[in-house]
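S.K.: Show me the folded form of this:
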Amino acid sequence: MNFLKEKGHSIEWKITLLSIGGALVSFVCIMCVFLFTVYSTEKKLSVWFPHLKNNLSWEITEHISESKKRIYVNHVIADGVTLDLNVRKCMDDAQLIAESMTNYMKYPKRYKRNYDFIFDNVKDKDKNVVSSFSFGVNPREKEISEELALANNIRDLMVSIYTQYSDLPIVFYVISKNGFCLNINPYDLSYHGNIFSFLSLKNSKRFFDYRDLPAYEMQKNPDGKGRLSNVYYNNGEPVICYSFPYYDDKGFAGVVAFDVSMHDLAEFSLDSHANHESDSHVDHEWKMFLMDNTGKIQMSDFTEGIFSVKADLTLKQIASADIKDMVKHVLSGDTGISLISLDGVSYYVAYTPAPSLNGHLAAVYFEDEIKTSVTTSKSNIFKVIDDKNSLVFALISEYRGVMCLVMTVLMLLSLIISYRVVKAYTRPIRQISSEIKSLSTGNLDKKISVDSDDEIQTLADNINNMVIEIKKKMESISRVSSEKEKIEATMNVAKTIQSNMLPKNFEVTDQHSNYELYAMNLPAKSVSGDFYDLFMLDEDRLVVTIADVSGKGIPAALFMVTSKTILRNLSHMMLKDNNDLASVVTQTNVQLCDNNKEGMFVTVFTAIINLKTREISYVSAGHNPPLLLSRKKGAYEFLNPPKIFPMVGVSDLIEYEQNNMVLDDGDCLLLYTDGVTEAIDVHEKLFGEARLLKIMNEEMLRSSSEKIIKGVYRRILEFAGKAEQFDDITMLCFRFK
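M.R.: Numbering: from 1, shown residues only. Have a look, this model is predicted:
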C-alpha cells in the first residue's frame, strides 16, 4: 500500500496511468463512433441513392442555366469595358493633341516656327502629317503661313500617337478656324477595304471647306469639352467622329478630331468573334449590336431583323413586352440579361453600358443552347451516380472489417509504447528537479548535468545558459541605461538642428505687404523627412517649396537636408534672369539620382510667386495636389496639373515641365504633405482629401494663413484622437490680401 501511495504521487506513475487510460477511452469512443457512422451511413445511402436523380434534376437545371447566363453577362461586360477603354484612349490622345495646340497658339513666343510643310500631293505611306487648305484660303498670306508654321510643331506628336494604332485604322486631324488642316493618313482603309474618314471623302470636292466637316460643326459653340458624334454611315462604314477644341489668346482657334469605323473599333477591341468562340467556357454562337440612348441600333452583326441597323423601328417602338422590358433596363444603364421570345424563337440578350460611346453594348444568344447544355450535363451526372452506387456499398463493407482489425492492433501497440516511453523520459526530469533546488537558493555557480541526448538535456543546458546570461545581464544593465540616455540626447540635438534649418520668419521681404505666409513642420519621429522652404530671388519674386522624402527617421532627414540644399542653391544660380523652374527641378533630380544607391526619392511642389504681378510658375513632382482658393470660384479646389510627373530621385532621364497661373486679391494656396491626408484614427481610417477639402470650404474661406494651418492641424488632432502620429505633418499656406 505504501508503494502504491508513493507511486501515486510521482510524475512517472501519473503519466503512465493517464496514457493507458486515455488510450483505452479513446479506443472505445472511436470504435463506437466508427461503427455507428458506418451503419448509419450505409442505411441512409440505401434510401438516398434511389431518390438522388429526382432531387438533383431541378437543382442541376437551375445551376447550369444560371451559370450560363452569368457567363454571358460577364462576357458582354468584359467586351463593353474593353471597347469603352479603347474609345477613351482615342479621346485622350485627341485631347492631348488639342492641349499641345493650345500651348502653341496661346504662347507663340515660346516655340519656333516649322516651315517644312508637306502638302496634299504627298501620300501618307510614311505616316507624314499633311498640310492642306480650304477653298479660298491663301497659304501665302502671312497670318495663315505664320499660324501654320507654328501649328506644324504638332507633327511629331501626331506621328507618335498615330503609330500606337498600327492595328486600328483611325484618322487624326487638326482643323484651324482660319481654314487650313493638318492630317495624318486620311486615305487609310477600314478592315473591310473602305475609305471611311469624312476628311478623305469630302476632300475630293472642288470647292471644299474643312470647316464644313462634322468635327468642326460640333464645336460651333465650344465649351472646352470634347464631343462625340452619332454613328454616321460613310462609304458603307458606320463611322464616329470625336472633336476637341483648342484655343489661342483670343479664344477658340480650331479643333482636333479623329474618325474611326465602329466595325473596326469593335473588331479591334473585342479581338473578333473567333476569340470568343474559342473560349473553353463559352461554346456557342452569338451576335452583338450597339444601341444608342434612344433605342436606335447604331451598329450590329445582324444583317436583318429587329436587331439590325436596317430595322425600320427603334427597339423602344417594338410592341413585344419582353423587348420593352429589356429596353427599359438597358436605357436605365443597367447590366444584366433578358429572355426575349420573338416569332417562336427565344433569345437571351446580355447588355452593359458603353458610356464613352453614349450607348449600350449587347450580345444575343439562343435559349436552346442552355437547354442542350442542361440535358447533356444531367445525363452525364446520372450515369456517374449509377456507376458508383454499387461500388460505394462494396467499399463500405470491406472498410468496416479492415478498420476494426487495424484499430485493435494499434491500440495494443500504443499501450506498450506509451509505458516504455514514459519510463524512459521521466528519469531525467527527476534528476533536474533534484539539482535545480540549489539554484533557487542563489547559488548561480551550480551547473546541472544531464546526459539524455534529447529535449531534457537541452532544457538542462538552457537552464545553465540562462544562469550565465543572468549574471551577464546584471553586469550590463547599468551600461545599457547610460548608453540609452546618450542616444536620446543625440536625437534631441539632431531634431533641434533640423528644426533650425527651416525658415521661421514668414515676413521674407519688406518691399511688399500684400501677402500672408505661414508654415508648420511636425515630425512623426525625432527627426523629419518633410521640409518646406521660402526665400526671395529678388525684390519681387518669392520661391516657396514643400517636399516629402521617402521613409522616416535619420536616413530621411539626411536626404531631406541634401534635397533642400540642392534645390535652394540651384534656384539662386539658375533663376536670376528667368522663371525656368522646370530646369531647376530637372537638374535637382539629376544630382539626387547620382549615387542614390539606397533608392530614396522625394516628392516636391515648388513655385515662383511674383508678389508684384501675382503670376505663379510651379512644378509638381509626384506631390499631393495643393488646394487653391480662387476669388472667382469662391471655393477651394485641388490644383491638379495637366501632366503628372514622378518623384525627384527616381530617374535622371525625366524632363520636368512647369505650369503658370495668375492669382487675384484674396486667393489662397495651401501646400501640404501626405501626413495630413493619411493621418489615421484609432480605427485606422484615413483623414483623406475629401475631409480636408470640406474643412477648408466650410471653415477656412476667410481665415488668415496662420489660422488655416493651425485650424487644419487642430482638426487632425480631433480626428486622430488617441492614435499615434503615423507620418510627418508639414503645411505651408500663402495668401494674397
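S.K.: When you work out contacts or count neighbours from here on, use the C-alpha atoms and nothing else.
M.R.: OK.
S.K.: Ramachandran coordinates for R400?
M.R.: Backbone geometry at R400, expressed as degrees, to the nearest 10, gives phi -60, psi -50.
S.K.: Measure how buried it is and give me the count.
M.R.: Using other Cα atoms under 10 Å, R400 is surrounded by 14 other residues.
S.K.: Let me see the ranges of the strands in the stretch 251-400 of the chain.
M.R.: 251-261, 287-292, 297-300, 336-342, 345-354, 359-366 (DSSP state E, counting those that start in this stretch).
S.K.: which residues does the residue lying closest to K722 once chain neighbours are set aside contact?
M.R.: In space, and not counting its chain neighbours, K722 is closest to V682: 6.5 Å by Cα to Cα, 6 or more residues apart in numbering. With contacts defined as Cα atoms under 8 Å, 6 or more residues apart in numbering, V682 is in contact with A720, G721, K722, A723.
S.K.: Secondary structure element holding R113?
M.R.: Using DSSP states H and E, R113 maps to neither a helix nor a strand.
S.K.: ok so the residue nearest to K722 is a helix residue?
M.R.: No: the assignment for V682, made by DSSP: H, G, I helix; E, B strand; the rest coil, is coil rather than a helix.
S.K.: Check the gap between it and L522 for me.
M.R.: Look at V682 and L522: by Cα to Cα, to the nearest Å, they are 20 Å apart.
S.K.: and what of H623?
M.R.: Separation of H623 from L522 (Cα to Cα): 18 Å.
S.K.: Between these two, tell me which one has more neighbours.
M.R.: More crowded of H623 and L522, by other Cα under 10 Å: H623, with 24 against 19.
S.K.: residues near the residue nearest to that one when sequence neighbours are not counted, how many?
M.R.: Leaving aside its sequence neighbours, H623 sits nearest to T603 (Cα to Cα, 6+ apart; 4.8 Å). T603 is flanked by 22 other residues according to other Cα under 10 Å.
S.K.: Can you list phi and psi of T603 for me?
M.R.: Torsion angles, degrees, to the nearest 10, at T603: phi -90, psi 140.
S.K.: Which strand residues bridge it?
M.R.: D548 (DSSP bridges).
S.K.: Surely I118 touches S131?
M.R.: Yes: judged on Cα atoms under 8 Å, I118 makes contact with S131 at a distance of 5.7 Å.
S.K.: of the two, who's got more company?
M.R.: The neighbour comparison of I118 against S131 (other Cα under 10 Å) goes to S131, with 21 against 15.
S.K.: can you tell me the helix or strand for D538?
M.R.: Using DSSP H and E, D538 sits in no helix or strand.
S.K.: how far away is it from L629?
M.R.: Distance of D538 to L629, computed by Cα to Cα: 26 Å.
S.K.: Among the two, which residue is more densely surrounded?
M.R.: Between D538 and L629, L629 has the larger neighbour count (other Cα under 10 Å), namely 24 against 14.
S.K.: got the strands of the stretch 251-400 of the chain as CSV, with mean pLDDT, distance to E507 and mean neighbour count columns?
M.R.: Output for those, formatted as CSV (pLDDT from 0 to 100; distance: least, Cα to Cα, whole Å; neighbours: other Cα atoms under 10 Å):
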stretch, mean pLDDT, distance to E507, mean neighbour count
strand 251-261, 94, 39, 24
strand 287-292, 83, 60, 22
strand 297-300, 81, 64, 23
strand 336-342, 85, 63, 17
strand 345-354, 86, 55, 22
strand 359-366, 85, 57, 23
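S.K.: Flag the shaky bits of the stretch 1-150 of the chain, pLDDT-wise.
M.R.: Applying pLDDT under 70 to the stretch 1-150 of the chain flags the ranges 1-14, 42, 45-57, 120-126.
S.K.: Can you name the residues that contact F638?
M.R.: P625, P626, L627, L628.
S.K.: can we see that at 10 Å?
M.R.: N624, P625, P626, L627, L628, L629, L669, L670, E689, L693 (Cα atoms under 10 Å, 6 or more residues apart in numbering).
S.K.: Same check on T588?
M.R.: 563-571, 582, 648-649, 652.
S.K.: again, only using 6 Å
M.R.: Contacts for T588 were tallied using Cα atoms under 6 Å, 6 or more residues apart in numbering; they are L567.
S.K.: what's the domain layout of this protein?
M.R.: 9-106+284-434, 114-266, 444-501, 503-736 (automatic domain parsing).
S.K.: Lowest average confidence across those domains, which one?
M.R.: If those are sorted by mean pLDDT, domain 444-501 sits at the bottom with a mean of 68.
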